[in-house]
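K.L.:
could you work out the structure for the sequence below:
(chains A and B)
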Amino acid sequence: MDGLATLLREYDVLAAFWMTVQLTAWGAVGALVVGTVVAVARVSPVGVLQRFGAWFVTLVRNTPLTLIVALCSLGIANTLKVQLAPADSPTFIVDNGFRWGVVALAVYHAAFVAEAIRSGINTVPAGQAEAARSIGLGFAATLRHVVLPQAFRGAIAPLGNTLIALTKNTTVVATVGVAEAAYLMRNMIEFNPSLLYAIFALLATGFVVLTLPMGLLFTWLSNRLGVHR
Amino acid sequence: MSAASVLFDAPGPRARARHRVIAAAGVLALLGLLAFVVVRLADPANNQLTAEKWLPFLTPTAWTAYLLPGLGGTLLAAALSVLLSIVFGLLLGVGRLAPQRWLRWACGAFVEFFRSVPVLMMMLFAYYAGLFALRISGPLLPLFGVVVGLTVYNSCVLAELVRSGVNGLPAGQRESGLAIGLTPFQTLTEILLPQAITAMLPSMLSQLVVILKDSALGSMIAYLELLRSGTNLAVAFANLIPTLIVLAVIYIVLNSLLTRLAAAVEQRLRRGPRAIVTQSVTAGFVPGPAAEPDVPETIMPRPDDRPGRRREPRRPRG
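P.N.:
Below is the predicted model:
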């Protein structure tokens, strides 16, 4: 207990978890947008787009997130000097690392979001799309007004699982020095090795606190919003 | 919806023409993106496409000194973690189905807790715990950290797979096992688990891909796996971006082979004569118990609440 008090006094645990939350939120928005586009491409009538979507999913899903983060941050940002923050800003290093971290998280999880949405599309009965087509809607209108709204509701559970995985995966950007929870954990252990167990208990509990309500919320949402057939 | 093709009509001549335009636009956009990347890589101030950055991969040193040992490290950590995860996953899964409430509860709490903790944190914890508490030293320490971190997390995932696999079996399997006089434990090990494991096999194989990918996190605790040895190579030859691209190709090939294997196994199981796969068990992210309220929590029969069916303590006769 004494150890926990010391840790909480000496380190800004909340700030680290706030960074985790921010990475999660922006990464989730990015992944949802990119993933939806990829999912639509995969079910579109244009064969080339279908193949592009499939390639994206295969390539990204089979690459470790650590490697994608390294490619974005060490490769594109540091070696190629493609910056996502104004170079003269005082918070340049922090901002640039954070934004490239978000890009890596979004791209990686977009593949899983795309698969979730595609599985959601598969839960929509064929009659729905056939009815939409029979009243004269084209592909885009069928998707927008009939299929996708139901598909999203059917995909809530896998999307929720992806969000939980994304929350945990934000720790990977610690490998390139974004000051979130895992980065803080390493610092804490380096300076207070005697408090190892308290440190792990504290930060692990932080993640349980973040992800457990998410799981409950998404289970509730999928029961509540899912289309019951 | 079985086939995506119900989303649109069979294209007529005009639609086909339109699709060709869209396809051409898509190809052009992709080529444009690739061209942009190439131009950016070939930027004269910082050229990544020069021969000396790529030729190292054709020399034997790059492979014998860096990439192959790294690949060996990745495969060793993954293989150890897979074996240990299967053992502990089965134990935890059986524990979650046990008739004893305390055991069920303890295993459930363990699984739920460690499924919510990032693998990287467990690796860091195992690394430092090995260093300070177990006094492991030398090259064994990073391996210990990686394997413990991966094993703890993936045993929990496999335990969930075991549980949902057993719960996905038809209730008659359990009932008939109990009816012929097997104990609940025998029913589980002789009847339910063999079927559940067969049903789980494809998901277990795709969990292999997850383990292989997550082993790359070991680079954070200085375990010499593929990513780490690759970055060492990049330092030696000053070719970070080409190295990362080559690494990505190696990972993608390896994981695609595993994915293909999983798909083949699944097909075989589906087609097999003794197809008992009634419900596919999804890997990695399994809905919690709240999502499936109607499955039995344990393999014990539920108490029968109907009047007259309750077992009353027998009264001693007269």
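
K.L.:
count of neighbours near the residue lying closest to B:Gly145 once chain neighbours are set aside?
P.N.:
The shortest distance from B:Gly145 to any non-neighbouring residue, by Cβ to Cβ, 6 or more residues apart in numbering or on different chains, is to B:Tyr127 (3.2 Å). To be clear about C-beta, it is placed using only N, CA and C from the backbone, and glycine gets the same treatment. By the criterion of other Cβ atoms under 10 Å in any protein chain shown, B:Tyr127 has 26 neighbours.

K.L.:
flag every buried residue along the host helix or strand of B:Tyr127.
P.N.:
In this structure, B:Tyr127 sits in helix B:119-132 according to DSSP states H and E. By neighbour count on 16 or more other Cβ atoms under 10 Å in any protein chain shown, the buried set for helix B:119-132 is B:119-131.

K.L.:
rebuild those residues as TSV, extending it with pLDDT.
P.N.:
Below are the buried residues of helix B:119-132 laid out as TSV (pLDDT from 0 to 100):
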residue	pLDDT
B:Val119	94
B:Leu120	93
B:Met121	93
B:Met122	94
B:Met123	94
B:Leu124	93
B:Phe125	93
B:Ala126	94
B:Tyr127	93
B:Tyr128	92
B:Ala129	92
B:Gly130	91
B:Leu131	90
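
K.L.:
if we can go back for a sec, contact partners for the residue nearest to B:Gly145?
P.N.:
With contact taken as Cβ atoms under 8 Å, 6 or more residues apart in numbering or on different chains, B:Tyr127 is in contact with B:Leu141, B:Pro142, B:Phe144, B:Gly145, B:Ile221.

K.L.:
my read: the third one touches B:Met123, true?
P.N.:
So that's B:Phe144. No. The pair B:Phe144 and B:Met123 fails to qualify as a contact (Cβ atoms under 8 Å) at a distance of 9.8 Å.

K.L.:
if we can go back for a sec, B:Leu67: which of the buried residues of helix B:119-132 is nearest?
P.N.:
B:Met123 (22.4 Å; Cβ to Cβ).

K.L.:
A:Thr66 versus the closest one, what's the distance?
P.N.:
11 Å (Cβ to Cβ, to the nearest Å).

K.L.:
find residues that contact each of these two.
P.N.:
Common contacts of B:Met123 and A:Thr66, defined by Cβ under 8 Å, 6+ apart, comprise B:Leu217, B:Met220.

K.L.:
low-confidence ranges in the stretch 151-300 of chain B?
P.N.:
Counting by pLDDT under 70, the stretch 151-300 of chain B shows low-confidence ranges at B:272-300.

K.L.:
please repeat the previous calculation with a cut-off of 90.
P.N.:
Across the stretch 151-300 of chain B, the ranges flagged by pLDDT under 90 are B:164-165, B:167-169, B:171, B:184-185, B:189, B:196-209, B:219-222, B:224, B:231-242, B:258-300.

K.L.:
that one: helices as residue ranges?
P.N.:
B:171-179, B:184-186, B:193-214, B:226-237, B:240-271 (DSSP state H, counting those that start in this stretch).

K.L.:
okay if I get the ones you listed as JSON lines plus mean neighbour count and distance to chain A?
P.N.:
Below are the helices of the stretch 151-300 of chain B laid out as JSON lines (neighbours: other Cβ atoms under 10 Å in any protein chain shown; distance: least, Cβ to the nearest Cβ, whole Å):
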{"stretch": "helix B:171-179", "mean neighbour count": "14", "distance to chain A": "23"}
{"stretch": "helix B:184-186", "mean neighbour count": "15", "distance to chain A": "29"}
{"stretch": "helix B:193-214", "mean neighbour count": "21", "distance to chain A": "4"}
{"stretch": "helix B:226-237", "mean neighbour count": "21", "distance to chain A": "6"}
{"stretch": "helix B:240-271", "mean neighbour count": "17", "distance to chain A": "4"}
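
K.L.:
B:Asp43: which of those helices is closest?
P.N.:
Closest approach to B:Asp43 among the helices of the stretch 151-300 of chain B (Cβ to Cβ): helix B:240-271, 11.4 Å.

K.L.:
which elements pack onto the closest one?
P.N.:
For helix B:240-271, the packing partners by 3 or more Cβ pairs under 8 Å, 6 or more residues apart in numbering or on different chains; DSSP states H and E come out as helix A:47-61, helix A:65-70, helix B:51-54, helix B:193-214, helix B:226-237.

K.L.:
how far away from the center of its chain is the fourth one?
P.N.:
Yep, that's helix B:193-214 we're talking about. 7 Å (Cα atoms, centre = their mean, to the nearest Å).

K.L.:
ok and that helix relative to helix B:171-179, angle-wise?
P.N.:
Helix B:193-214 and helix B:171-179 are oriented at 120 degrees to each other (axes from the mean of the first three to the mean of the last three Cα atoms, to 10 degrees).

K.L.:
quick one, helix B:193-214 and helix B:240-271 angle?
P.N.:
If you take the same axes, to 10 degrees, helix B:193-214 sits at 170 degrees to helix B:240-271.

K.L.:
render the CA-only coordinates of helix B:193-214 in CSV, please.
P.N.:
Output of helix B:193-214 as CSV, limited to C-alpha atoms (Å, rounded to 0.1, in the frame of the first residue of the first chain):
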residue,chain,number,x,y,z
LEU,B,193,-13.1,-32.3,-24.9
PRO,B,194,-12.1,-34.4,-27.9
GLN,B,195,-15.0,-33.0,-29.9
ALA,B,196,-14.4,-29.5,-28.7
ILE,B,197,-10.7,-29.6,-29.5
THR,B,198,-11.5,-30.8,-33.1
ALA,B,199,-13.9,-27.9,-33.4
MET,B,200,-11.4,-25.5,-32.0
LEU,B,201,-8.5,-26.6,-34.2
PRO,B,202,-8.9,-23.9,-36.9
SER,B,203,-9.2,-21.1,-34.3
MET,B,204,-6.2,-22.5,-32.5
LEU,B,205,-4.2,-22.4,-35.7
SER,B,206,-5.2,-18.8,-36.3
GLN,B,207,-4.1,-18.1,-32.8
LEU,B,208,-0.7,-19.3,-33.9
VAL,B,209,-0.5,-16.3,-36.3
VAL,B,210,-1.3,-14.0,-33.3
ILE,B,211,1.5,-15.6,-31.2
LEU,B,212,3.9,-15.3,-34.1
LYS,B,213,3.1,-11.6,-34.6
ASP,B,214,3.1,-10.8,-30.9
